[in-house]
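Q: show me how the following folds:
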Amino acid sequence: MMYTTVVLTFLSATLAAAAPATKAGYAVPSIIKIHNIQTNKNYQDVRTSTVRSGNFETSTLYDIPIPASAAGRTCGLVFRSANVHDAVSGAKALDIFKNGFTNLASLNEGNLRDQELARIVFNPKTHFYEFKRSDVTPTIDSFPCPAGKTLHWEAAAVGESDFNVVEQDFTYDGTHVPNGISVAWW
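A: Here you go, the predicted model:
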């Protein structure tokens, strides 16, 4: 009996040590700012608020730090809208851009838009935005994780009328896909 207990304890410790610490995960924004297109001003918020309606237009700016634990992994954009307070209507689409800012916390005006990375469209059946490959060839559906770096992205409205107001989860609980924008790694 003692021998069995010792062997099982040793086997459990060996398997725990051999298992990777994190198999997969999600990086979420550290800060979000809404960019008012008309005034060129930015203000901090807790949701994506990318809207185009008549003469009113906003885009959403993100700083998304990728943890060092994602080194050597593959990353990909994930955007989920499943909160009861989310409002998605009109074109239900977002163009995602890489931006030239380096510190969103200190960016009080402008967006420094650089290159388009993808177009995503909301699917109400799954509550996820999906890549629309016929419009833009996405470069962020699967890419080498920039571990230890921060992604600087922007979500812009598509079409004449587009409402994407989505509450953001700022933490990953280890189980559920975060609401709002995130970068998965696997």
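Q: low-confidence ranges, this structure, go.
A: The model of the chain has pLDDT under 70 over residues 1-22.
Q: where do the helices sit along it?
A: With DSSP state H as the criterion, the chain has helices at 2-18.
Q: what segments of it are strands?
A: Secondary structure of the chain (DSSP state E): strands located at 25-27, 31-36, 42-45, 47-53, 56-65, 74-80, 87-90, 93-99, 113-123, 128-131, 143-144, 150-157, 161-167, 180-185.
Q: which one of those lies closest to D173?
A: Smallest distance to D173 across the strands of the chain (C-beta to C-beta): 9.4 Å, for strand 25-27. C-beta: built from backbone N, CA, C; applies to glycine.
Q: centre of the chain to the closest one, how far?
A: 9 Å (C-alpha atoms, centre = their mean, to the nearest Å).
Q: next one: stretch 93-110
A: 13 Å.
Q: go through it and flag the buried ones.
A: A93, L94, D95, I96, F97, K98, N99, F101, L104, L107 (16 or more other C-beta atoms under 10 Å).
Q: the third one contacts W153, doesn't it?
A: I take that to be D95. No - the criterion here is C-beta atoms under 8 Å, and D95 misses it with W153 at 10.6 Å.
Q: tell me the contacts of K149?
A: By C-beta atoms under 8 Å, 6 or more residues apart in numbering, K149 lies in contact with P65, I66.
Q: do T74 as well
A: Per C-beta under 8 Å, 6+ apart, neighbours of T74: S142, F143, P144, C145, W185, W186.
Q: likewise R80?
A: Shown in contact with R80 (C-beta under 8 Å, 6+ apart): H127, F128, Y129, V177, P178, N179, G180, S182.
Q: out of those residues, which comes closest to N42?
A: Lowest distance from N42 to those (C-beta to C-beta) belongs to G180, with 17.7 Å.
Q: so what pairs up with that closest one in the strands?
A: Beta-bridge partners for G180, by DSSP bridges, are R80.
Q: pull the number of nearby residues for it.
A: Around G180 there are 25 other residues, counting by other C-beta atoms under 10 Å.
Q: from D95, how far off is L117?
A: Going from L117 to D95 by C-beta to C-beta, to the nearest Å gives 8 Å.
Q: quick one: A82 and H176 touch, right?
A: No - if you go by C-beta under 8 Å, A82 and H176 don't touch, sitting 9.4 Å apart.
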